[in-house]
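Peer 1: I would like to see how this sequence folds:
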Amino acid sequence: MSHTKLKAQEIAMLRAEIEMLMNERQNLLKTTGAAAFFVANLDYSVLPDEACEAARMLSNTLNSMPEETLREALEKVENELTIGE
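Peer 2: Numbers count the residues shown, from 1 in each chain. The predicted structure is shown next:
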């Protein structure tokens, strides 16, 4: 196989991998945004203790994320809620 053809194949594989990672990132942002929206709207007074502990753990994890990433995740959910209305 020629060097040029091998290089083109490597570039194509890298493009496919980047595309897959970008799609995965979008899905993770949607999941994170939905989780943040869910936690923000929880009524802790009606949850069982075990559920409260899980919600606190989720809340702490979300709060430890970079602000910019969390903002982007919330915007993803907000856009979907606007489209769904």
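
Peer 1: give me the neighbour count for the nearest residue to residue 62 once chain neighbours are set aside.
Peer 2: Sequence neighbours aside, residue 36 is the residue nearest to residue 62 in space, at 5.1 Å (criterion: CB to CB, 6 or more residues apart in numbering). (Glycine included, C-beta is placed from N, CA and C.) Here the number of neighbours of residue 36 (other CB atoms under 10 Å) works out to 20.

Peer 1: I figured residue 36 hits residue 72, correct?
Peer 2: No. Counting by CB atoms under 8 Å, residue 36 does not reach residue 72; the two are 11.0 Å apart.

Peer 1: what packs against the helix or strand containing residue 74?
Peer 2: Taking DSSP states H and E as the criterion, residue 74 maps to helix 67-84. Here helix 67-84 touches helix 3-40, going by 3 or more CB pairs under 8 Å, 6 or more residues apart in numbering; DSSP states H and E.

Peer 1: run the chain-centre distance for the helix it packs on.
Peer 2: Distance, stretch centre to chain centre, for helix 3-40: 11 Å (CA atoms, centre = their mean, to the nearest Å).

Peer 1: quick one: the helix or strand just after it to chain centroid distance?
Peer 2: Per DSSP H and E, the first helix or strand lying C-terminal to helix 3-40 is helix 49-63. Distance, stretch centre to chain centre, for helix 49-63: 17 Å (CA atoms, centre = their mean).

Peer 1: which residues touch the residue nearest to residue 30 when sequence neighbours are not counted?
Peer 2: Nearest non-adjacent residue to residue 30, counting by CB to CB, 6+ apart: residue 76, 5.1 Å away. Contacts for residue 76 (CB atoms under 8 Å, 6 or more residues apart in numbering) come out as 26, 29, 30, 33.

Peer 1: got JSON lines for those, with pLDDT, distance to residue 53 and neighbour count too?
Peer 2: Converted to JSON lines, the contacts of residue 76 look like this (pLDDT from 0 to 100; distance: CB to CB, whole Å; neighbours: other CB atoms under 10 Å):
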{"residue": "26", "pLDDT": "95", "distance to residue 53": "30", "neighbour count": "11"}
{"residue": "29", "pLDDT": "95", "distance to residue 53": "26", "neighbour count": "18"}
{"residue": "30", "pLDDT": "94", "distance to residue 53": "25", "neighbour count": "15"}
{"residue": "33", "pLDDT": "94", "distance to residue 53": "22", "neighbour count": "23"}
